[in-house]
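1. take this sequence and fold it.
(one chain, ligands or ions: 2)
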Amino acid sequence: LLTLAIESSCDDTCVSLLSKHTALSGSYSTRASLHFNEKVTAENTGKGGIVPVEALKSHDTHLAKLVEKSLASLPEAPDASPGFKKLWLRDGSLKEKPDFISVTRGPGMPVNLAVGLNAAKGLAAAWQIPMVGVHHMQAHALTPRLVNAMVKSEQRDTDTLRPEFPFLTLLVSGGHTMLLYSKGLVEHEILATTSDIAIGDELDKCGRLILPKELQEDTPDTSYGKYLSAYAFRSEDDYAAWEIPRTRREEVDRPLNKYGWNLVTPMSKNRRLEFSFAAIASQIKSLVLDRQNGITSMGMMDDEERVLLAQAALGTAFEHLGSRTIMALEKLQEQGVQIPTLVVSGGVAANNFLRHYLRRLLDLRSFEDVNLVFPPVELCTDNAAMIAWAGMEMFEAGYRTDLGCTPVRKWSMDSECEEGGILGI
Ligand code: ATP
Ligand code: FE
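-> Ligands and ions are numbered 1, 2, ... in the order given. Modelled structure (predicted):
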């Protein structure tokens, strides 16, 4: 089964080709191969985050060319396959035609989504194959079922595992922070979501406040959260500088450091299953501004203090993520639900300190049996392989999307699209 996938919901224009082989020889086995997965990220001239108009222009400029480029990576058509399964390319090669198109239908900016969706409809109509419209966030959550990196507990030696439903999903990206009880392909019950900004957004804000200006000028994009982590921790040995709370009580009071400050972990005094990140960036903003304006007698921040602040920004955010994750596991346990696997996905899942943090936390809080699974780093941020995989799973489950469908700006994680798009199940 072969699919061509398109993703254009944000500022990355992405195309991917994925095939899935099922061999029924005695024992049942499946294997997926990624033939092509490339993206072009729009240049953000403003340096203040994503500029929707620039993203749209970039999709228009790059999408068709990326699709054309991907065709060279299609597998050779087997001689025995029927003519309607083959595709002649301009250079005279005969390729296997994709069986269906996968495309991001939402959530996101409708104008940006429409570039991908219209290209997908065109290909489906021209090649006479079905199309599957995919939920971008469900695709983030499903990526580890395609391929994953397992963060091992010291006690265990399993290398990889394909997370089977149900599992707990911690979705941490530029626009979302959610804990989900994932029961099926399109069944993701929301256990917690953010009441203000998403963690990725928050880390990007912190990065902008903390990173020295000359470093910011050198970054190729505005994902300052990513660069903040490289600044905070030079090597894995530095992770030990941030003490992980062993009990719920230790989450509350963190002593002041040698510079006389600490950051307060959001919602550490209440047990609501909810996220809130805005307060971290605002605490950092006042700390940085007070020092710049000479309000304290401490003078300007030196490099060492800045690094400590970067560690605290990440540590406090992950402490908050971790505390709600443990709460969700405990809540499900109280209901008699044992969760074998915690899947972490979305752009922030690329963070190695987070990988270390969550494994240590699970081990410290009696959840050492819970498998911890992340997508490979290159598949954490937006890409089309995740759309291809989600599309593949949905296609096999019987989903088809009508070619008259439209982009969906807001689309809840726990619902199928109501606007008449999904047929066939
Ligand atoms: P959404 O998927 O919610 O619509 P998005 O697609 O813009 O949002 P992603 O591409 O999944 O978000 O993730 C981008 C975010 O991930 C950015 O905020 C970026 O700073 C953050 N990020 C990427 N790599 C890392 C890293 N190594 N450490 C921390 N944050 C990271
Ligand atoms: Fe995303």
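2. my read: Thr194 touches Phe275, true?
-> Yes: using CB atoms under 8 Å, Thr194 makes contact with Phe275 at a distance of 4.1 Å. Backbone N, C-alpha and C define where each C-beta goes, glycine included.
3. more neighbours, these two?
-> Phe275 (26 against 19; other CB atoms under 10 Å).
4. Asp253 in helix, strand or coil?
-> coil (DSSP: H, G, I helix; E, B strand; the rest coil).
5. and it, how many residues sit next to it?
-> The burial count for Asp253: 11, using other CB under 10 Å.
6. what sits in contact with each of Thr194 and Phe275?
-> Shared contacts of Thr194 and Phe275, defined by CB atoms under 8 Å, 6 or more residues apart in numbering, are found at Thr177.
7. for the protein, what helix or strand is lowest in average pLDDT?
-> strand 422-423 (a mean of 44; mean pLDDT, DSSP states H and E).
8. which bits of this protein sit near ligand 1?
-> Counting by CB under 6 Å from any ligand atom, the chain comes close to ligand 1 at 10, 140, 173-176, 200, 203-204, 223, 225-226, 229, 346-348, 350-351, 381-382.
9. which of these are buried?
-> Neighbour-count burial (16 or more other CB atoms under 10 Å) applied to the residues of the chain next to ligand 1 gives 10, 140, 173-176, 200, 203-204, 223, 225-226, 229, 346-348, 350-351, 381-382.
10. from these, which are also near ligand 2?
-> When contact is defined as CB under 5 Å from the ion, those meet ligand 2 at Ser173, Asp382.
11. go through the buried ones among the residues of the chain next to ligand 1 and flag which are in helices.
-> His140, Gly200, Leu203, Asp204, Gly225, Lys226, Ser229 (DSSP state H).
12. nearest to Pro375, out of the residues you listed: which one, please.
-> Using CB to CB, His140 comes nearest to Pro375 of these, at 8.2 Å.
13. what sits against that closest one?
-> His140 touches Leu171, Ser173, Ser345, Gly346, Met386, counting by CB under 8 Å, 6+ apart.
14. now do Trp389
-> By CB under 8 Å, 6+ apart, the contact set of Trp389 is Leu18, Ala32, Ala139, Leu142, Thr143, Arg145, Leu146.
15. state the pLDDT value of it.
-> Looking at Trp389, its pLDDT is 95.
16. Phe374 versus the residue nearest to Arg208 when sequence neighbours are not counted, what's the distance?
-> With CB to CB, 6 or more residues apart in numbering as the criterion, Arg208 has its nearest non-adjacent residue at 5.2 Å, and that residue is Tyr224. For Tyr224, the distance to Phe374 equals 21 Å [CB to CB, to the nearest Å].
17. same check on Ala312?
-> Counting by CB to CB, the gap from Ala312 to Phe374 is 23 Å.
18. cool, Thr193 as well?
-> Counting by CB to CB, the separation of Thr193 from Phe374 is 20 Å.
19. tell me which of the two has more neighbours.
-> Neighbour count, other CB under 10 Å: between Thr193 and Phe374, Phe374 has more, with 25 against 17.
20. contacts only, for the closest residue to Ala72 other than its chain neighbours.
-> Leaving aside its chain neighbours, Ala72 sits nearest to Leu89 (7.3 Å; criterion: CB to CB, 6+ apart). By CB under 8 Å, 6+ apart, the contact set of Leu89 is Leu71, Ala72, Lys95.
21. what's the neighbour count on the first one?
-> The one in question is Leu71. Leu71, neighbours per other CB under 10 Å, totals 18.
22. would you mind measuring from Ile387 to ligand 1?
-> 12 Å (CB to the nearest ligand atom, to the nearest Å).
23. so where's this structure shaky on pLDDT?
-> In the predicted model, the chain carries pLDDT under 70 at residues 22-30, 44-49, 152-160, 416-425.
24. tell me which stretches of it form helices.
-> Secondary structure of the chain (DSSP H): helices located at 52-71, 110-127, 136-146, 199-210, 213-218, 224-232, 278-292, 303-334, 352-364, 385-396.
25. nearest residue to the residue in the chain positioned nearest to ligand 2 other than its sequence neighbours?
-> In the chain, the residue that lies nearest ligand 2 is Asp382 (4.4 Å; CB to the ion). Nearest residue to Asp382, sequence neighbours excluded (CB to CB, 6+ apart): Asp12, at 4.4 Å.
26. likewise Lys86?
-> Lys86 sits nearest to Ala77 (CB to CB, 6+ apart), 4.3 Å away.
27. now the one you found: how far from Ala281?
-> 53 Å.
28. neighbour-wise, which of those two wins?
-> Shown here are Ala77 and Ala281; by other CB under 10 Å, Ala281 has more neighbours (22 against 18).
29. OK, contacts around the more buried one?
-> Neighbouring residues of Ala281 by CB under 8 Å, 6+ apart: Ile197, Glu202, Lys205, Cys206, Leu209.
30. Asp60 contacts Asn118, correct?
-> No: look at Asp60 against Asn118 with CB under 8 Å: they stay out of range, at 10.8 Å.
31. now do the shared contacts for these two.
-> Common contacts of Asp60 and Asn118, defined by CB under 8 Å, 6+ apart, are absent altogether.
32. residues in contact with Ser412?
-> Each residue near Ser412 by CB under 8 Å, 6+ apart is listed here: Ile190.
33. re earlier: including distance to Phe165, could the helices of the chain go into a markdown table?
-> Putting these into a markdown table (distance: least, CB to CB, whole Å) gives the following:
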| stretch | distance to Phe165 |
| --- | --- |
| helix 52-71 | 30 |
| helix 110-127 | 27 |
| helix 136-146 | 9 |
| helix 199-210 | 25 |
| helix 213-218 | 42 |
| helix 224-232 | 30 |
| helix 278-292 | 33 |
| helix 303-334 | 14 |
| helix 352-364 | 20 |
| helix 385-396 | 11 |
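34. show me which residues of this protein are close to ligand 2?
-> Residues of the chain lying close to ligand 2 (CB under 5 Å from the ion) are Ser173, Asp382.
35. so which residue is smack in the middle of the chain?
-> Gly346 (1.2 Å; CA atoms, centre = their mean).
36. quick one, what contacts that residue?
-> Contacts of Gly346 (CB under 8 Å, 6+ apart): Met137, His140, Leu171, Val172, Ser173, Gly174, His176, Gly200, Cys380.
37. and the gap between the fourth one and Glu393?
-> So that's Val172. Taking CB to CB as the measure, Val172 falls 22 Å from Glu393.
38. looking at those two, which one has more neighbours?
-> Val172 (28 against 22).
39. isn't the more buried one right up against Asp201?
-> No: using CB under 8 Å, Val172 is not in contact with Asp201; the gap is 10.8 Å.
40. can you get me a residue count around the closest residue in space to Leu18 that isn't next to it in sequence?
-> Excluding the flanking residues, the one nearest Leu18 by CB to CB, 6+ apart is Ala388, at 3.8 Å. By other CB under 10 Å, the residues close to Ala388 number 36.
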